[in-house]
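J.: From the sequence below, what's the structure:
(chains A and B)
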Amino acid sequence: KAGVTQTPRYLIKTRGQQVTLSCSPISGHRSVSWYQQTPGQGLQFLFEYFSETQRNKGNFPGRFSGRQFSNSRSEMNVSTLELGDSALYLCASSLAHRNLNTEAFFGQGTRLTVV
Amino acid sequence: AQSVSQHNHHVILSEAASLELGCNYSYGGTVNLFWYVQYPGQHLQLLLKYFSGDPLVKGIKGFEAEFIKSKFSFNLRKPSVQWSDTAEYFCAVKGQAGTALIFGKGTTLSVSS
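T.: All right, here's what the predicted structure looks like:
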């Protein structure tokens, strides 16, 4: 069974540009969450999607957005990039977002560097 | 809003020493609790989880954690650490009502041989 796949693995962008990251969840998983990981801050929750609907949202500016497709694949977009957006962006998938005792499985992440 | 607090930012131990990493959370409802581990250069992996039942849960590689509901704590323990346990450890909580999976800031464990 394939794990969570994130593409690309590495990205270098310039301030002011925008970027789109992709996540393919484990087959059968319908919930996808995104996190930003930086040294000292741990994993900060961005948003969670289930059945193409955003179910939870973290405390990030509107420059960060996401969406989920009917096949459960998800993308996140960051517009007008800032140097502080440099981080490892992690995607996690799970069977459902509530009621079931399920765990989240993580991808390898996309390392974004903004210069 | 729920939150997770990990007491130790960086822990340094010698091999065979005992380990306890503290984790406290704030959330008013029923929770699922997790410890994840991130070895250098690898992705996050689940170490152990608590959903219900016996508050003492056992995970992989000899790790265990105890859920103390009255203290909102879920501390991770291992009787004897190995050099290969060097990693970053994250405590996480998810409300069963469908809230997000929220992580603490992590504890870096360095084990010297």
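
J.: which residues does the residue nearest to residue A:83 when sequence neighbours are not counted contact?
T.: Closest residue to residue A:83 in three dimensions, ignoring its sequence neighbours and counting by C-beta to C-beta, 6 or more residues apart in numbering or on different chains: residue A:114, at 5.3 Å. Using the backbone N, CA and C atoms, a C-beta is placed for each residue, glycine as well. Each residue near residue A:114 by C-beta atoms under 8 Å, 6 or more residues apart in numbering or on different chains is listed here: A:12, A:13, A:14, A:15, A:81, A:82, A:83, A:84, A:85, A:86.

J.: Reformat these as a markdown table; add neighbour count.
T.: Shown next, in a markdown table, are the contacts of residue A:114 (neighbours: other C-beta atoms under 10 Å in any protein chain shown):
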| residue | neighbour count |
| --- | --- |
| A:12 | 11 |
| A:13 | 16 |
| A:14 | 8 |
| A:15 | 11 |
| A:81 | 20 |
| A:82 | 12 |
| A:83 | 9 |
| A:84 | 8 |
| A:85 | 21 |
| A:86 | 17 |
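
J.: and of those, the nearest to residue B:78?
T.: Set against residue B:78, the nearest of the contacts of residue A:114 by C-beta to C-beta is residue A:86 (33.4 Å).

J.: Enumerate every residue touching the closest one.
T.: By C-beta under 8 Å, 6+ apart, the contact list for residue A:86 reads A:38, A:112, A:113, A:114.

J.: export those residues to TSV and tack on distance to residue B:88, pLDDT and secondary structure?
T.: Below are the contacts of residue A:86 laid out as TSV (distance: C-beta to C-beta, whole Å; pLDDT from 0 to 100; DSSP: H, G, I helix; E, B strand; the rest coil):
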residue	distance to residue B:88	pLDDT	secondary structure
A:38	12	94	strand
A:112	19	98	strand
A:113	20	98	strand
A:114	23	98	strand
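
J.: how far does stretch B:38-46 stretch from start to finish?
T.: 9 Å (C-alpha to C-alpha, to the nearest Å).

J.: can you list contacts of that stretch?
T.: By C-beta under 8 Å, 6+ apart, the residues outside stretch B:38-46 that reach it are A:90, A:92, A:103-109, B:34-37, B:59, B:86-90, B:106.

J.: let's go with 10 Å and repeat that
T.: Stretch B:38-46 has contacts (C-beta atoms under 10 Å, 6 or more residues apart in numbering or on different chains) with A:3-4, A:6, A:35, A:37, A:43, A:88, A:90, A:92, A:103-109, B:34-37, B:59-60, B:84-90, B:92, B:103, B:106, B:108.

J.: Emit the ChimeraX select command for whichever of those are buried.
T.: Of those, the buried ones go into a single ChimeraX selection, burial set by 16 or more other C-beta atoms under 10 Å in any protein chain shown:
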select /A:4,6,35,37,43,88,90,92,103,104,105,106,107,108,109 /B:34,35,36,37,59,85,86,87,88,89,90,92,103,106
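
J.: Run through the bridge partners of residue A:42.
T.: Note on residue A:42: beta-bridge partners by DSSP bridges are residue A:38.

J.: OK, contacts around it?
T.: The contact partners of residue A:42, taken as C-beta under 10 Å, 6+ apart, are A:35-36, B:4, B:6, B:88, B:90-92, B:102-107.

J.: let's see it at 8 Å
T.: Contacts of residue A:42 were listed using C-beta under 8 Å, 6+ apart, and they are B:90, B:103, B:104, B:105, B:106.

J.: ok, the third one - how many residues close by?
T.: A total of 23 residues lie near residue B:104 under the criterion other C-beta atoms under 10 Å in any protein chain shown.

J.: Looking at the contacts of residue A:114, which is nearest chain B?
T.: For the contacts of residue A:114, the residue nearest chain B by C-beta to the nearest C-beta is residue A:84; the value is 16.9 Å.
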